[in-house]
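J.: generate coordinates for the sequence data below:
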Amino acid sequence: MEREIVERMMKAFESLSKMLKLTFEGFRKYQEKSIKEAEEIRKEVQRYASELTRFLVEKSLSKEGGKEWVKPYLAIVSSFDRMVYNLDGISDRLRKMAHEQVLFTERAIREIDDVFQETIQLVENVPDLILTQNKLLAQQMEEKGKSILRMADHYSEEHEQRLIEGVCVPHSSPLYLDILFSLKGIVVQTVEVSEKIVTLSAKV
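T.: Next up, the predicted model:
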């Protein structure tokens with residue numbers, strides 16, 4: 001990949017990683033400050049994504065060999081936007097929990113904490129992959145992504161069983177499941193980005 005593209009992708013993902021960590025802080029101990037900081041970082045991600053899109057489109061107009069080469073890069077930018085959308089969803093749920101004084105059980109908190117931390121670790125691998133374009137690292141990320149999705153699905157199933165048994169409160173159930181669903185969305189997009197990065201490196 002060209003240096004200018006790499007630099008712009010790195011900036012976007014580093015900001016995205018910060019946004020994810022701030023959202024996690026907001027979950028662990030609800031802090032309006034963390035949520036607001038995450039929203040400020042979102043503006044950075046969107047700005048970097050917009051700059052990268054503009055750069056790619058301008059380059060595609062002047063580059064020989066057509067415009068097909070730019071599509072995988074634009075798909076990566078689209079993944080940035082979807083990850084931000086999922087993080088916004090988590091922030092909205094956290095605000096709703098605070099406003100309506102919704103509480104999770106200790107077990108539910110621990111489960112979401114587990115998925116959050118694993119997701120953060122996965123996302124933190126992306127800058128290294130952008131720089132190295134290492135196929136082994138991409139494979140490891142794919143395996144880790146699948147493991148996180150299985151974990152989230154398992155937690156969702158157990159939660160539904162607890163709901164049936166009356167252990168969990170129905171009012172908190174949609175919020176718990178929505179947060180897990182949003183984290184799964186981030187994992188899916190991260191794995192898709194890793195796959196595209198390796199595919200692009202193979203074309204060079």
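
J.: what segments of the chain are strands?
T.: Taking DSSP state E, the chain contains no strands at all.

J.: test my guess that Leu56 contacts Val70.
T.: Yes: contact criterion C-beta atoms under 8 Å: Leu56 and Val70 qualify, at 5.1 Å. (C-beta placed from N, C-alpha, C; glycine too.)

J.: for these two, indicate the residue with more neighbours.
T.: Counted by other C-beta atoms under 10 Å, Leu56 and Val70 do not tie: Leu56 has more neighbours, with 22 against 17.

J.: got a list of what that one touches?
T.: Leu56 sits next to 5, 70, 73-74, 77 when contact means C-beta atoms under 8 Å, 6 or more residues apart in numbering.

J.: of those, just say which sits nearest to Tyr30.
T.: Val77 (31.4 Å; C-beta to C-beta).

J.: which helix or strand in this protein has the lowest average pLDDT?
T.: Lowest by mean pLDDT, DSSP states H and E among the helices and strands of the chain is helix 32-62, with a mean of 83.

J.: returning to that earlier point: who wins for most neighbours among the contacts of Leu56?
T.: Tyr73 leads those on contacts (other C-beta under 10 Å) with 24 neighbours.

J.: just the buried residues of stretch 42-58, please?
T.: Buried residues in stretch 42-58, counted by 16 or more other C-beta atoms under 10 Å: 42, 44-45, 48-49, 52-53, 56.

J.: now stretch 157-173
T.: Going by neighbour count (16+ other C-beta under 10 Å), the buried part of stretch 157-173 is 159, 163, 168, 172-173.

J.: tell me the buried residues in stretch 79-95?
T.: Buried residues in stretch 79-95, counted by 16+ other C-beta under 10 Å: 79-80, 83-84, 86-91, 93-94.

J.: adding pLDDT and distance to Thr119, write those residues out as a markdown table.
T.: As requested, the buried residues of stretch 79-95 are arranged in a markdown table below (pLDDT from 0 to 100; distance: C-beta to C-beta, whole Å):
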| residue | pLDDT | distance to Thr119 |
| --- | --- | --- |
| Ser79 | 91 | 14 |
| Phe80 | 88 | 15 |
| Met83 | 93 | 10 |
| Val84 | 92 | 14 |
| Asn86 | 95 | 10 |
| Leu87 | 93 | 10 |
| Asp88 | 92 | 15 |
| Gly89 | 93 | 14 |
| Ile90 | 93 | 11 |
| Ser91 | 90 | 15 |
| Arg93 | 91 | 15 |
| Leu94 | 89 | 16 |
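
J.: name the nearest of those residues relative to Thr132.
T.: Of the buried residues of stretch 79-95, the one sitting nearest to Thr132 (C-beta to C-beta) turns out to be Ser79, at 19.0 Å.

J.: just give the closest residue to that closest one, not the sequence neighbours.
T.: Counting by C-beta to C-beta, 6 or more residues apart in numbering, the nearest residue to Ser79 once its immediate chain neighbours are dropped is Gln189, at 4.3 Å.
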